[in-house]
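Trainee: I'd like to go over a predicted model; first the sequence, then the structure.
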Amino acid sequence: MNILGIDLHFGSQDAISYSFCLMSKDTVKVTQENVDVPTLIEFMSSSEVNVICVDNISEILKVEPLSEYLLQSDIEVRLLTGVHSNSQSVVDVARQNGISLRKKPDSLKTAIICAQLAAQGMAITLVRNNGKIGFEHQIQMRSTNQILTAEKLPGESTHREAHAQLDSSVYIKSIRQVVGYGKESIVYHAEGLQHPDLIVKIFRTYSSVARAQKSQIHQAKINHMPLFMAKNEIKYLRQLAQHHFPVPKPYFLDDNMVGMEVITLDGELAPTLAEFSRGNHQLDVVEDLVYTSLEMLQDMFSQPKLVHGDYSANNLLVGDSGLVIIDVAQTLQINTNTFTTTPDRIRMDDALDTLFRDLHGIITFFEKNFRIHLERDTIFEEFSSVVPRTFAGQVEFVLAGWSEKFRYS
Ligand SMILES: Nc1ncnc2c1ncn2[C@@H]1O[C@H](COP(=O)(O)OP(=O)(O)O)[C@@H](O)[C@H]1O
Ligand SMILES: [Mg+2]
């Protein structure tokens, strides 16, 4: 078997070059430095390379002629780093495997290490799917538009951290697949110890949306945000469940991880309302979705006095028993007593602005995706009727702002 270790030698836009090392039967056959892309491709095809191994996938996938060549070839692509929680860099992997290094290896040395360790089975094989190369669990993501391309691969460290965390969690037995990946969180479908089937949401970085909405906690350390968001997620899942809103059953909070029930439709993971809307549906089904989603938003506001804050077709799932609300970490509790904002309650005028933004968003979604017309003024009026009378002036003020916005949208 011919294994080629590759490392970026020089990465400037117009002069990308690589170092490589060809190993065959456990011996180094060829090494070369500073070769350009055509030369590298030419070498790969003429020397019957079976496996290539790199320490950083974007180094090869971002270079189009190379990624194109790899995609249409049947060369196995392996990645050396970023796979296990303790394999941060090629230096770590080398050291763990008994290769002593005093300093960071240069590009040729890195290529040699890649080849040697790949020959020892120390790298993971990436898979091809839909014209992309990536980790299996990323490529298995449900909807094709969510498949991650090389550029969109999450920072290796975040995935590594998430994996390490899942590995060490007492709640989790194994990961089935990644079902969602966003700016703030990674969502996994997993097998748990108490719950054979569960969703685990791991909160990561600080989101600017959350920052704007939770401006009262500006002083909070950025590192505290994932914990704060996870706490909010479980808190509002619990609160909504108590009030009999359809949400995934909350299972546990473990640092910045939240475990919850898996919502399904016909035995599969439930689609989001956005995904569901791409199919063809009877008018009465659509009407029911419109009615239910508006009613839930209104009821959240009038009973537990909550505003979701990100009430969109991506955060509503269509499950076996109807619409299910998810992604509740940015939910806000409204202060109905005074006009002030406290650490965990927002004042009514801010809440109203958020409520009408949610409402505007979901109405627009239905109009665009199901080609129906909804009487916005009537709906807004209906929503205004559940606002306590003391705040009537606020409603008028916020609504006036919103009708300005519609006129120009
Ligand atoms: N309980 C669940 N059951 C099934 N799928 C879920 C569940 N929770 C989340 N998902 C999937 O994961 C995606 C992301 O979850 P979400 O909570 O919205 O995270 P984010 O904050 O990244 O938007 C959702 O769009 C949905 O497809
Ligand atoms: Mg979401």
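Mentor: Structure received. Not measured: the values here are computed from a predicted model. Residues are numbered from 1 along each chain as shown. Ligands and ions are numbered 1, 2, ... in the order given.

Trainee: which SS state does Val28 fall under?
Mentor: Under DSSP: H, G, I helix; E, B strand; the rest coil, Val28 falls in the strand class.

Trainee: what ranges of the stretch 1-150 of the chain fall below the confidence cut-off?
Mentor: Applying pLDDT under 70 to the stretch 1-150 of the chain picks out residues 82-88, 129-150.

Trainee: quick one: the strands in it?
Mentor: In the stretch 1-150 of the chain, the strands defined using DSSP state E, counting those that start in this stretch lie at 2-10, 17-24, 27-36, 51-54, 76-79, 124-125, 127-129, 132-134.

Trainee: how about the longest helix seen in the chain: buried residues?
Mentor: In the chain, taking DSSP state H as the definition, the longest helix is helix 348-370. Applying a neighbour-count criterion of 16 or more other Cβ atoms under 10 Å, one finds 348-360, 362-366, 370 buried in helix 348-370. Every residue, glycine included, has its C-beta placed from N, CA and C.

Trainee: Buried deepest among the strands of the stretch 1-150 of the chain, which one?
Mentor: strand 51-54 (a mean of 25; mean count of other Cβ atoms under 10 Å).

Trainee: Check the offset of that strand from the chain's centre.
Mentor: Distance of strand 51-54 from the chain centroid (Cα atoms, centre = their mean, to the nearest Å) equals 27 Å.

Trainee: and it, which strands flank it?
Mentor: Its sheet considered, strand 51-54 pairs with strand 2-10 (parallel), strand 76-79 (parallel) by DSSP bridges.

Trainee: TSV please, covering the strands of the stretch 1-150 of the chain and showing distance to Leu399.
Mentor: Output for the strands of the stretch 1-150 of the chain, formatted as TSV (distance: least, Cβ to Cβ, whole Å):
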stretch	distance to Leu399
strand 2-10	56
strand 17-24	61
strand 27-36	62
strand 51-54	56
strand 76-79	54
strand 124-125	55
strand 127-129	48
strand 132-134	46
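
Trainee: Now render these as a markdown table, adding distance to ligand 2.
Mentor: Converted to a markdown table, these look like this (distance: least, Cβ to the ion, whole Å):
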| stretch | distance to ligand 2 |
| --- | --- |
| strand 2-10 | 35 |
| strand 17-24 | 39 |
| strand 27-36 | 43 |
| strand 51-54 | 32 |
| strand 76-79 | 28 |
| strand 124-125 | 29 |
| strand 127-129 | 23 |
| strand 132-134 | 21 |
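
Trainee: Confirm that Pro304 sits in a helix.
Mentor: No: assessed with three-state DSSP, Pro304 is coil; it does not lie in a helix.

Trainee: Number of residues surrounding the nearest residue to it once chain neighbours are set aside?
Mentor: Spatial nearest neighbour of Pro304, chain neighbours left out: His243 (4.9 Å); criterion: Cβ to Cβ, 6 or more residues apart in numbering. Per other Cβ atoms under 10 Å, the neighbour tally for His243 reads 13.

Trainee: before we move on, what about Pro343?
Mentor: Number of residues near Pro343 (other Cβ under 10 Å) recorded here: 8.

Trainee: now it: how far from ligand 1?
Mentor: Distance of Pro343 to ligand 1, given as Cβ to the nearest ligand atom, to the nearest Å: 22 Å.

Trainee: The residue of the chain found nearest ligand 2: what secondary structure?
Mentor: At 3.7 Å from ligand 2, Asp327 is the closest residue in the chain, using Cβ to the ion. Recorded secondary structure, Asp327: coil (three-state DSSP).

Trainee: what are the phi and psi values for it?
Mentor: Asp327 adopts backbone torsions of phi 60, psi 60, taken as degrees, to the nearest 10.

Trainee: The one 4 residues further on now?
Mentor: Taking degrees, to the nearest 10, you get phi -60, psi 150 for the backbone angles of Thr331.

Trainee: what's the distance between the residue nearest to Pro304 and Asp327?
Mentor: His243 sits at a distance of 17 Å from Asp327 (criterion: Cβ to Cβ, to the nearest Å).

Trainee: How about Phe245?
Mentor: Note on Phe245: its distance to Asp327, by Cβ to Cβ, is 13 Å.

Trainee: who's more crowded, those two?
Mentor: Under the criterion of other Cβ under 10 Å, the comparison of Phe245 against Asp327 puts Asp327 first, with 24 against 19.

Trainee: Could I get the pLDDT score of that one?
Mentor: Note for Asp327: predicted pLDDT of 96.

Trainee: How about the contacts made by Phe365?
Mentor: Going by Cβ atoms under 8 Å, 6 or more residues apart in numbering, Phe365 touches Leu273, Ala274, Ser277, Ser312, Ala313.

Trainee: can you tell if stretch 232-250 touches ligand 1?
Mentor: Yes: interface with ligand 1: stretch 232-250 contributes Pro248 (Cβ under 6 Å from any ligand atom).

Trainee: Quick one: end-to-end distance for that stretch.
Mentor: This stretch, stretch 232-250, spans 12 Å end to end (Cα to Cα, to the nearest Å).

Trainee: which residues in the protein form helices?
Mentor: Ranges of helices in the chain, per DSSP H, are 37-46, 58-61, 64-72, 90-96, 107-119, 136-139, 156-168, 208-213, 225-242, 273-276, 283-302, 348-370, 376-384, 392-408.

Trainee: Export these to a markdown table and append columns for distance to Gly319.
Mentor: Listed next are the helices of the chain as a markdown table, based on distance: least, Cβ to Cβ, whole Å:
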| stretch | distance to Gly319 |
| --- | --- |
| helix 37-46 | 48 |
| helix 58-61 | 36 |
| helix 64-72 | 36 |
| helix 90-96 | 42 |
| helix 107-119 | 44 |
| helix 136-139 | 23 |
| helix 156-168 | 24 |
| helix 208-213 | 25 |
| helix 225-242 | 14 |
| helix 273-276 | 10 |
| helix 283-302 | 12 |
| helix 348-370 | 18 |
| helix 376-384 | 25 |
| helix 392-408 | 31 |
